[in-house]
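A.B. asks: just coords:
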Ligand SMILES: [Zn+2]
């Protein structure tokens, strides 16, 4: 998990910025929580429990949106037959 420092924009993998020493622990916690919701959503999707998977992906998206969440959410919506929503959610561009 890489966190961009909001102070100096350096990429970090630790809870303290390697360049300016800013405390990134709150951001790290949010990223960990987001990762948890994505993992739980994948588990529900594997069991074809689409509404539960969708709920966890939407929660992850509130923490930080991204190509990964939008791609998974689009697939989950497709499996529920919600084609227009899936198309609207489909991420554009390349994953970062
Ligand atoms: Zn920094």
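C.D. replies: Everything's here; your move. The structure presented is a predicted model; accordingly, all values stated were derived computationally and were not measured.

A.B. asks: measure the residue sitting furthest away from the middle of the chain to residue 13 for me?
C.D. replies: In the chain, the greatest distance from the average C-alpha position (CA atoms, centre = their mean) is reached by residue 20, at 26.1 Å. Remark: distance between residue 20 and residue 13 (CB to CB, to the nearest Å) = 15 Å. Where you see a C-beta, it was placed from the backbone N, CA and C, and this is true even at glycine.

A.B. asks: then residue 42?
C.D. replies: From residue 42 across to residue 13, the span is 23 Å (CB to CB).

A.B. asks: those two: which is more packed in?
C.D. replies: Using other CB atoms under 10 Å as the criterion, residue 42 and residue 13 rank with residue 42 on top: 14 against 10.

A.B. asks: tell me who's in contact with that one.
C.D. replies: Residues near residue 42 by CB atoms under 8 Å, 6 or more residues apart in numbering: 53, 72.

A.B. asks: buried sites along the longest helix along the chain?
C.D. replies: Longest helix in the chain, counting residues (DSSP state H): helix 25-46. Neighbour counts over helix 25-46 (16 or more other CB atoms under 10 Å) mark 27-28, 31, 34, 37-38, 40-41, 44-45 as buried.

A.B. asks: understood, closing this out.
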